[in-house]
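Engineer: Using only what follows, build the 3D model:
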Amino acid sequence: MFSEINQLFRASVPIFVLSFVCIAAPVTAFAGTVYDGNWSVVIVTRSGVCEPTFRYGVQIADGTVIDGGGVATVQGRVTRTGAVKVIVRSGNQWANGSGRLTTNNGGGMWRGEGASGICRGTWVAERRG
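Structural biologist: Next up, the predicted model:
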């Protein structure tokens with residue numbers, strides 16, 4: 001009987017702790033930002049053997065940069081002051097970008113690795129719609 005109670009207690013502790021953490025954890029609510037909406041981003045290669053110029057559509061929702069339905073996975077965040085950081089991946093190719101947005105446009109730098117090696121460049125963004 002004691003071993004059955006001990007097993008039940010050991011099995012219940014993780015569930016109790018997880019429940020407590022879920023209840024006690026602060027809930028973060030994201031409000032819409034002035035940057036939310038559809039954006040067109042022009043990516044320009046300045047060094048390396050990557051595609052020279054590429055236009056890509058993204059969406060920003062609650063400060064999160066979301067893939068605009070293209071061939072790459074885009075993840076990123078925009079702070080309340082407009083600082084933006086993104087990571088773009090497509091197969092084994094990747095790029096990290098950073099910069100700043102205003103309410104209607106922005107720009108910055110990027111660095112990544114394409115099929116032919118390391119590349120660097122700039123980007124400019126414009127709000128659509």
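Engineer: quick one, what contacts Arg89?
Structural biologist: For Arg89, the residues meeting the contact criterion (CB atoms under 8 Å, 6 or more residues apart in numbering) are Ala72, Thr73. Any C-beta I mention is one placed from the backbone N, CA and C, and that applies to glycine too.
Engineer: For Glu113, see how far away it is.
Structural biologist: Taking CB to CB, to the nearest Å as the measure, Arg89 and Glu113 are separated by 10 Å.
Engineer: repeat for Trp39
Structural biologist: From Trp39 over to Glu113 (counting by CB to CB), the distance is 24 Å.
Engineer: So for those two, which residue has more residues nearby?
Structural biologist: Neighbour comparison, Trp39 and Glu113: the larger count goes to Trp39, with 24 against 15 (by other CB atoms under 10 Å).
Engineer: Tell me the spacing between that one and Ala61.
Structural biologist: With CB to CB as the criterion, Trp39 and Ala61 are 11 Å apart.
Engineer: what's the answer for Gly76, then?
Structural biologist: Taking CB to CB as the criterion, Gly76 is separated from Ala61 by 12 Å.
Engineer: Thanks again, I'm all set now.
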